[in-house]
Each structure stands twice: as structure tokens, then as C-alpha cells.
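**Q** heads up, no residue letters with this:
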DNA sequence: CTGTTAGCGCATTCAA
DNA sequence: TTGAATGCGCTAACAG
């Protein structure tokens, strides 16, 4: 491995000068620049990034925490961040937690160890104060509504969005509305649950515990919901579904069992993934590319705390 | 930032001793160990990983190259690798190329710069010899059949698999078989195409160019295939589809347009993702977790070249 | 069992 | 414009 010193020697200059041309500093004479460049080319020189990192105290690596990578929601988020990162010559360190808190702690520790410059947490498990205590090591960005806190975020106002969706369904004549969700803990879920309960109160509707389906992540979970629906004596007339995948499953399950959508049950979902278009599912579009881009920029800008709200757009199709 | 020297001083020992306890080396007296640990705790010491990397010349970072992250095939691959990596305390650097060769080159360069220890390329664009010329900087693992080459791989024998699938369809009475594929360049695609052509030759079947649908990645592409099918005068009776997503789209499209599956057209797909189960699509299961695990271990073991073949399993459902 | 010392490869004062 | 010298924080060979 030829290093900067070798190049300096070969080019007949000092290491400083080599460093200067590597980093495009001014005040280097033409001749030296070309001498150095020639030597670098001749020896196929490449600087050791780790040495640079150590010396500079920065890595240009951004950690991204997700529970899993194969879920469309997180896949898209990763995609968005990855695109922004690559454009700006940053690298991504993917940290998959499977929703284990220890893994998330590891990510935090990577920040502390200076292995990454900043951390984007797409789905948080750790407590607020834990995360906050790590902020001094680098910027931490969350993907949940943290307007009231000192941690930056790019978020969707799930309370507002859920309320809007519920009102929409109500106006379409639905008074028995249920919803499905993934993780039932977590900030986003709480917001949604609050919106749901407030909605019921506002219209003096009864709270039916079995109208809420938790732990629904995938198509199969959706089919399962459809099967549940069949057995219910007092079925909801509409369902708010927090993922197109699940919605696709519900739709498929309903069709197989003779439940008509939207006549027997209306479905409104989230994400606007290709599957929802193909199956004509009414959905709320989340602009993932934009989300990813904002998350990235917040991560890079570092210092100041900022909160970016993302707007969701209703896409009317045929399931409501 | 307290460093190893501070700790040594506080604990009244040498830096070496501190380094030893950090790395769990033997031959350190109980008392010194606890003295050091106390000091580390007291000052909330954390070693600077970059310094470790520089000193050791290794990063414990594995690069993973994918064209996109949100596609189930790559998502699952990432998932599998990420799980194996986290179990072994390795980190992943995700490099998303969008199928741009320059991005893949960047990944190769990261290897050269020692920013990553090894590289897993899930879908290759660069030429063989280019990749091979980077092998000296660290192990490079491919996700395609490279048995004849000096680069390690975990692969599916797509020639064999495609042949098997085609034979299966033939035995079920299908003599007009088409197929859909994603990228039409690339090693895996060539293998499949070769298998397809040999199959036709073997049974003296005519080659119909319009039985082959390229650039099909997603559900929407599948719907599009279904629409094409409608217009064909001489429709194939069966389709081999290289992704469950596309198959789901085709199935949906066919149903909407009154084409019966499997009576009018049989569908056999790849992956065995949840969507295929839900829609009862006959498919060829790829054990992604296993693939990810093998890729990871090859990446870590480094030195010697190895080739791991992955077996695919036929799952009979209702679309053939 | 323990400590001294010499790197690892580069960036960056500081002085010239 | 240039270069000598110092430091980033840690590991490991070597000596004791």
C-alpha cells in the first residue's frame, strides 16, 4: 500500500503538498501539482479513508436505523435516503433492529464511537431521554412527530391525517369505522389512536375494541383481518389501513369470501404503493422520496434542531 | 473526548494494559482490570473506532451493492445479510446504484480506500475483469453463477431452475410458454434465456419473440403484461414470471379482463413472497435468509474463492 | 503479567 | 508557496 509519504518522495515534495493537491487546496504551483498527480497515477495511489476519518474526526457515514429492510415502508425510506446520500457523497450504514432495543442502542453507540457522523432513526424504540443523551455525539433525526422536543425530525402529522381520513369516511356515510396498524406501541401509533378516539367522541360513536387490528404489517396479516371480519356479527363498514400491503391482503381476503368492497366494507389505506394502484385501492400518498431527502439533509446539517412536516395526499380510487 | 491515554493515567497503568482490557486479552491481573474498568466507567470512555480501524487496517464494514432497496428481491437480500452481519458484529454500508455503473465503481473504490473490508454485489453491472482487478483490495462476493471464475459467489443455477420450471409446465400440457424478466442484460438473465432457447429446441417448439416480456419489475409491469396478453392473437398458454410482484400484477390484470388463470393462461413465478401465498400463485421459493447468511460468511472469510449453490423449491398452488 | 515504543496514514498548525 | 513537525487514538511487537 503506497501512502502519502511514498507519493511525496516520488514527486520530490512534502507530504503536506501532496495532501494539498489531494484536497484541492490553493497555493500549490502548477508543476508540483502535476508532479504529484503523476506520482499518484503511477503508483495507483488511494488515500486511506480511515486515516482521514481519524484525522478529521468525521466519517461521512450516516447511520440509518430500521426494524426491517424488506417492508415497503422502510424500503422506500431507505431508498429515499440512499439517493440523497449518494448524491452528496455520503455513505449509509444500515442498522436493522428487528425491533430489538439493544440493536438500537448499538446504533447510538456507533455515534458515540464516532463510527458514524449522524443517525436517522426511522422507527424508534428507545426512550426519549436516552436518545437525547446521545445527541451530543452527533445529530439524531427521527421519523416521528417530535415538534415538542429537542430532537430534529421529518414527520407526518398522524393525528391530523387520521382525523382527516376518518372524517372523509364519515362523510361518505360510515359510522362504524375500524383501523389496522402495525406496531401498537410507538409514537405514530399513539397519535393515530388519539385521533381515532377523539373522532369517536366528536361524533358520539361507540368504541368497539374489536374494530382495532394490531400487529398488521403484511399482505398475509391483511387476509387474516378479512377472515376475522367474516365472523363478526357487528362488522365495521369501513377500515382505515396503515399500509397498502395489508389493504391488498384484506381486499383479496374479502373477495375470496364474498365480502364486497366497498359495499360491505370500505377500505382506505396508506402509502400509495404500486399494489394499491393496481388493485384500485383508495389510499393516502406519502412522498417517500421527499421524506428521505429531508431526513438526509437534516442529518447532514447537524447542529440546529428542525422539524419538517410532510403532507399526505388523498388518492381516491375504488375501495371507498 | 477522553482517550485511552487518559484512562491509562487515571487507572495508573499503561495504555497497553488498557487496550488489553478493552479487547479482552488474557494476562491482566484482576486488580488492574477493575481499575481500568472503573476509570472507563467514570469518564464514560468510548474508544474511537476510526483509530481502531486505522491501526488494524480493517473496518468491520461490509459494502452491499443493490440497484434499489425497495424491491422485495433486494430488500430480502439486504435483510438476510443485515441479520447475519448484526449477529457477528459487522456493519453494513448500503450502496444503491440505480443500475448506474459509476455508482458500482464507487463501491469498488470504497474497497480500495479501505472504507469497507469486503463487498457483496447483489446485481452486477461492471465487467468481470474490472471487478477482478479490485479483488486484491478485499473479498468481493457476487450473487450470480460464477463457478467458472475466480470470484466468490452464492448463486442460483438459473439455467437449471428455468429448465426445471419449463419442463414442469410442458408436462402439464403447455407447449406455448413465454416468460417475463427484469433486466434483460446481466448474467442471470442470459442463463435463463439460454435455458429457454434450449428448451424450445429440445421439444422442437417455435421461438416467438413476443412471448418474452422484458423490463418487468413490479406489479404495475405485470398488469401491463396482462393487457398485452389480451391483444395477442396467438397467446401463450403459460408464463414463467421472475418475480411474485409481477405475477401478482398479471393475475390481477387477467382477472379484470376476463382471462382465466390457469385455464386461459398459467402462471408460475419466483420468490415465494407473502403476496404469492395470498394470491395462491404457484412459485419457486428462494430461501433469502440462507442466501444472505452465505453471502455474509463468504464476505467475512475472505481469502479463498468459493461458490455456494442455492436450491430453489417448487411450491404448487393454483395458478398452473 | 506489564510497560515502552513505534507505527497506522493523513491533516494541519506554524514557521519560513 | 512550501515543508517540518505534531497529533488524531489505538494496536502490537518487543523487552522485561
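**A** Arrived safely, thanks for sending. If you're wondering where the values come from, they're calculated on a predicted model, not measured in any experiment.

**Q** okay but residue A:278 is in contact with residue B:223, surely?
**A** Yes - in terms of Cβ atoms under 8 Å, residue A:278 counts as a neighbour of residue B:223; the distance is 5.3 Å. C-betas here are computed from N, CA, C, even on glycine.

**Q** what residues do the two have in common as contacts?
**A** Residues touching both residue A:278 and residue B:223 (Cβ atoms under 8 Å, 6 or more residues apart in numbering or on different chains): B:249, B:252, B:253.

**Q** Closest to residue B:298 out of these?
**A** residue B:249 (33.8 Å; Cβ to Cβ).

**Q** next one: stretch A:288-298 to chain centre, how far?
**A** Here stretch A:288-298 is found 9 Å from its chain centre; the criterion is Cα atoms, centre = their mean, to the nearest Å.

**Q** Buried residues, that stretch. List them.
**A** A:288, A:291, A:292, A:293, A:294, A:295, A:296, A:298 (16 or more other Cβ atoms under 10 Å in any protein chain shown).

**Q** Let me have the residues you listed in a markdown table, extended by distance to DNA strand C and secondary structure.
**A** Formatted as a markdown table, the buried residues of stretch A:288-298 follow (distance: Cβ to the nearest atom of the strand, whole Å; DSSP: H, G, I helix; E, B strand; the rest coil):
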| residue | distance to DNA strand C | secondary structure |
| --- | --- | --- |
| A:288 | 35 | helix |
| A:291 | 32 | helix |
| A:292 | 29 | helix |
| A:293 | 28 | helix |
| A:294 | 28 | helix |
| A:295 | 27 | helix |
| A:296 | 23 | helix |
| A:298 | 24 | helix |
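
**Q** what angle do the helix or strand hosting residue A:52 and helix B:49-56 make?
**A** Using DSSP states H and E, residue A:52 sits within helix A:49-56. Computed by axes from the mean of the first three to the mean of the last three Cα atoms, to 10 degrees, the angle separating helix A:49-56 from helix B:49-56 equals 130 degrees.

**Q** Give me the distance from the helix or strand following helix A:49-56 to the chain's centre.
**A** For helix A:49-56, the succeeding helix or strand toward the C-terminus, using DSSP H and E, is strand A:61-66. Its chain's C-alpha centre and that of strand A:61-66 lie 10 Å apart, by Cα atoms, centre = their mean.

**Q** got the angle for the helix or strand that strand A:61-66 is followed by vs strand B:61-66?
**A** Later in the chain than strand A:61-66, the nearest helix or strand by DSSP H and E is helix A:72-87. With the same axes, to 10 degrees defining the directions, helix A:72-87 sits at 110 degrees from strand B:61-66.

**Q** which other helices and strands contact helix A:72-87?
**A** Counting contacts by 3 or more Cβ pairs under 8 Å, 6 or more residues apart in numbering or on different chains; DSSP states H and E, helix A:72-87 is packed against strand A:61-66, strand A:91-96, strand A:266-271, helix A:288-301, strand B:91-96.

**Q** is it possible to export those to CSV including mean pLDDT?
**A** Shown next, in CSV, are these (pLDDT from 0 to 100):
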stretch, mean pLDDT
strand A:61-66, 93
strand A:91-96, 89
strand A:266-271, 97
helix A:288-301, 91
strand B:91-96, 89
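
**Q** mind checking the SS state of residue A:178?
**A** Classification of residue A:178 by DSSP: H, G, I helix; E, B strand; the rest coil places it in strand.

**Q** What count of nearby residues applies to it?
**A** 23 (other Cβ atoms under 10 Å in any protein chain shown).

**Q** who's it bridged to?
**A** residue A:239 (DSSP bridges).

**Q** Name the residues of the stretch 1-150 of chain A found near DNA strand D, please.
**A** Contact residues (Cβ under 7 Å from any atom of the strand) of the stretch 1-150 of chain A with DNA strand D: A:12-17, A:26-29, A:31-32, A:51, A:54-55, A:57.

**Q** Report the buried residues of the helix holding residue A:52.
**A** If you call a residue buried by 16+ other Cβ under 10 Å, then helix A:49-56 has these buried ones: A:49, A:50, A:51, A:52, A:53, A:54.

**Q** Next, the buried residues of stretch A:312-320.
**A** For stretch A:312-320, burial by neighbour count (16+ other Cβ under 10 Å) applies to A:312, A:317, A:319, A:320.

**Q** show me what contacts the closest residue to residue A:310 other than its chain neighbours?
**A** Distance criterion Cβ to Cβ, 6 or more residues apart in numbering or on different chains; nearest residue to residue A:310, sequence neighbours excluded, is residue A:156 at 5.0 Å. Going by Cβ under 8 Å, 6+ apart, residue A:156 touches A:145, A:188, A:286, A:309, A:310, A:312.

**Q** Just read off the phi/psi values of the fifth one.
**A** Going back to what we said before, that points to residue A:310. Reported as degrees, to the nearest 10, the phi and psi values for residue A:310 are phi -110, psi 130.

**Q** Tell me how far it lies from residue A:69.
**A** Look at residue A:310 and residue A:69: by Cβ to Cβ, to the nearest Å, they are 21 Å apart.

**Q** Settle it for me: which of those two has more neighbours?
**A** Legend: neighbour count by other Cβ under 10 Å for residue A:310 and residue A:69, higher for residue A:69 (27 against 16).

**Q** The more buried one is in contact with residue B:73, isn't it?
**A** No - with contact defined as Cβ under 8 Å, residue A:69 does not reach residue B:73; the gap is 11.9 Å.

**Q** which stretches of chain A form helices?
**A** A:4-11, A:15-22, A:30-42, A:49-56, A:72-87, A:101-112, A:128-133, A:158-171, A:187-202, A:219-231, A:244-256, A:274-278, A:288-301 (DSSP state H).

**Q** would a markdown table of the ones you listed with distance to residue B:210 be doable?
**A** Shown next, in a markdown table, are these (distance: least, Cβ to Cβ, whole Å):
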| stretch | distance to residue B:210 |
| --- | --- |
| helix A:4-11 | 58 |
| helix A:15-22 | 55 |
| helix A:30-42 | 50 |
| helix A:49-56 | 50 |
| helix A:72-87 | 32 |
| helix A:101-112 | 49 |
| helix A:128-133 | 56 |
| helix A:158-171 | 44 |
| helix A:187-202 | 47 |
| helix A:219-231 | 31 |
| helix A:244-256 | 30 |
| helix A:274-278 | 23 |
| helix A:288-301 | 34 |
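
**Q** and of those, who's closest to residue B:83?
**A** Closest to residue B:83 of the helices of chain A is helix A:101-112 (Cβ to Cβ; 10.5 Å).

**Q** Quick check: mean pLDDT of that closest one?
**A** The average pLDDT for helix A:101-112 rounds to 89.

**Q** List the buried residues of that helix.
**A** For helix A:101-112, the neighbour count (16+ other Cβ under 10 Å) marks A:103, A:104, A:106, A:107, A:108, A:110, A:111, A:112 as buried.

**Q** Now flag whichever of the residues you listed is closest to chain B.
**A** Ranked by distance to chain B (Cβ to the nearest Cβ), the buried residues of helix A:101-112 are led by residue A:112 at 5.0 Å.

**Q** thinking residue A:165 is in contact with residue A:282, fair?
**A** No - between residue A:165 and residue A:282 there is no contact, the gap being 9.7 Å when judged by Cβ under 8 Å.
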